[in-house]
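J.: let's see this in three dimensions:
(2 chains)
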Amino acid sequence: MFTTRKVPPDPEQRFEALYLDHYQAIATYVKRRTDSPDDIADVIAETFTAAWRRLPEVPPGDEARLWLYGTARRVLANHHRAQERRSALAARLRHEAATWAASDTDHTGDAAHQAFRRLSSDDRELLALVGWEGLKIAEIVTVLGTSRGAVRLRLHRARKRLARELAAADLDLTTYGGRAVALAEGQR
Amino acid sequence: MTSTSTTDIDAIVARLAPEPAPAPGEGARDLMHQIMATSPAPAARRRVTLPRLRTAVSTIALAGVTVVALNSVVPSGTGPAVAQALDIKREAGYHVIKINDLYADPGKYEAQLRAAGLDISLRVVPATAAFEGQVQPTGPDKKYLTDIKGIYPPGPCDRLDGCAIGVKIPVGFQGTADVTVGRKARPGEEYMSITSIDAKGEPLHCVPHVNKTVGEMRALLREREVNIGKFVIEDPGDDRDGETVASVPGSWHVIGGYMYAPGLATVVTSSTAMAPEEAEAAQDKTVKRCDQSSLSPRE
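T.: The predicted model follows:
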């Protein structure tokens, strides 16, 4: 019989709680930024592997989610540079992720979607952190590891640029609310 | 910009959000357990991670009532058709289960198990050598079940988790179980069940390798017909810490590793060598583990 030493002080328990509490938020974050099911599974695997290995650094409570977003963001950025990487860990999840896109609404013919796609990836990310992940500015500061002033300014500019794109697309902006029209026109 | 118009823009973006991912399912839970089993465990200090890697792996392997090994190993493409994916018999108060077809659709297993009155899902996954024939029965809460037992033949066993030849489940078993069985991988197929590269049954069992250079490790593995396909960087000083990369300098040092597909290893590396006492401790651990390997883990 192999002898096994007890691992103190229950990192497994803490990791399980962290994983089960935040898996869905992180999987959603990754899914919304990656098209390939293989990449989705790999990035989730790599993000949580980093969390396991750096468990003592992961902050408690909901701050952990922000830490994980920040890590997932970095993993995604690196992953896009090395897409041949495939995690040995995520084989089954990869298989499941292949079915996830099926339920998505197809926005490709949507002019607002096209306008959004025309923004820079930095602008899209800021707007998505607000509109998709529902983060507040202070939380975005934590995820991006930058200053509050920088986030406010960049977010302000990103919103303006999207409003401008929407206007340029000659959308019937009333679909989206009169104030969006006003915002877009205010930028001309 | 007014805050209200900001809200409108944000609402437009929100409307474009793709659907959320589902809550953690089987694949997500698998991943969670695999991360804990195969990655160096969390530690404030890097150098204590390797023993923990092994501890975690051993724990996973031994905590289970883990069992089994399989009746037949390779599907016969040209042989006579296998009538049933499983062979289920009732013997001495147990359902005795042997897997005839390791590559069958899981639905076939389930249908047969249900027909026998068992609420059990059976998955057969490609596994590294140490875990070929391993069976891990877990309940809905992901805890290992002790009611479900393996059937072990007499004689020595050269794998980490025993060499059982079947699973037996008490006839009165009322619960729900998820039983995972490791099978040999097909060429090129990645393992879904992996463990440390020096575990019993793995290529570097009883072979000192920790703290060697990547160049030396490559030679050790090549002698055993294994190539290094990936490297994991474990180096807090490197901004790629924790990442998997295709190559690292041959002068880097080995912390550990695991097989991820037939003939292909992932090696965990650092740019710096371990302190001598740490390297010695790691070495002792390998030797100790090796000495114990003449014992069956079931004894």
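
J.: check what pLDDT residue B:170 gets.
T.: pLDDT for residue B:170: 87.

J.: which residues does it contact?
T.: B:93, B:94, B:95, B:147 (Cβ atoms under 8 Å, 6 or more residues apart in numbering or on different chains). For the C-beta atoms, the positions are set from N, CA and C on the backbone; glycine is no exception.

J.: one more pass at 10 Å, please.
T.: By Cβ atoms under 10 Å, 6 or more residues apart in numbering or on different chains, the residues touching residue B:170 are B:93, B:94, B:95, B:147, B:148, B:149.

J.: now the last one. Nearest residue, chain neighbours left out?
T.: I take that to be residue B:149. residue B:168 (5.3 Å; Cβ to Cβ, 6 or more residues apart in numbering or on different chains).

J.: how much space between residue A:63 and residue A:57?
T.: As judged by Cβ to Cβ, to the nearest Å, residue A:63 and residue A:57 stand 11 Å apart.

J.: now swap in residue A:114 and tell me
T.: Where residue A:57 is concerned, residue A:114 sits at a distance of 40 Å (Cβ to Cβ).

J.: cool, and residue A:146?
T.: Taking Cβ to Cβ, one finds residue A:146 at 19 Å from residue A:57.

J.: that older thread, now which of the contacts of residue B:170 would you call buried?
T.: In terms of neighbour count (16 or more other Cβ atoms under 10 Å in any protein chain shown), the buried residues within the contacts of residue B:170 are B:94, B:95, B:148, B:149.

J.: and which of those is nearest chain A?
T.: For the buried ones among the contacts of residue B:170, the closest approach to chain A (Cβ to the nearest Cβ) belongs to residue B:149, at 16.8 Å.

J.: just to check, that closest one is in contact with residue B:95?
T.: No. Residue B:149 lies out of contact with residue B:95 (Cβ atoms under 10 Å); the separation is 11.1 Å.

J.: what is in contact with the two at once?
T.: Residues touching both residue B:149 and residue B:95 (Cβ under 10 Å, 6+ apart) are B:167, B:168, B:169, B:170.

J.: and the most centrally placed residue in chain A, how far from chain B?
T.: Closest residue to the average C-alpha location of chain A: residue A:29 at 3.4 Å, with Cα atoms, centre = their mean. Plainly put, residue A:29 is 8 Å away from chain B if you go by Cβ to the nearest Cβ, to the nearest Å.

J.: that residue contacts residue A:134, doesn't it?
T.: No. Using Cβ under 10 Å, residue A:29 is not in contact with residue A:134, being 11.3 Å away.

J.: in the stretch 151-299 of chain B, which residue sits nearest chain A?
T.: Relative to chain A, the nearest point of the stretch 151-299 of chain B is residue B:260 (3.5 Å; Cβ to the nearest Cβ).

J.: SS state for that residue?
T.: strand (DSSP: H, G, I helix; E, B strand; the rest coil).

J.: can you check residue B:254 too?
T.: Assignment for residue B:254 (three-state DSSP): strand.

J.: still on that earlier bit, dump the buried ones among the contacts of residue B:170 into TSV; add secondary structure as well.
T.: Converted to TSV, the buried ones among the contacts of residue B:170 look like this (three-state DSSP):
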residue	secondary structure
B:94	strand
B:95	strand
B:148	coil
B:149	strand
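
J.: closest one to residue A:104 out of these, please.
T.: Ranked by distance to residue A:104 (Cβ to Cβ), those are led by residue B:148 at 39.4 Å.

J.: quick check: closest non-adjacent residue to residue A:147.
T.: Counting by Cβ to Cβ, 6+ apart, the nearest residue to residue A:147 once its immediate chain neighbours are dropped is residue A:141, at 6.9 Å.

J.: burial of the one you found, as a residue count?
T.: 18 (other Cβ atoms under 10 Å in any protein chain shown).
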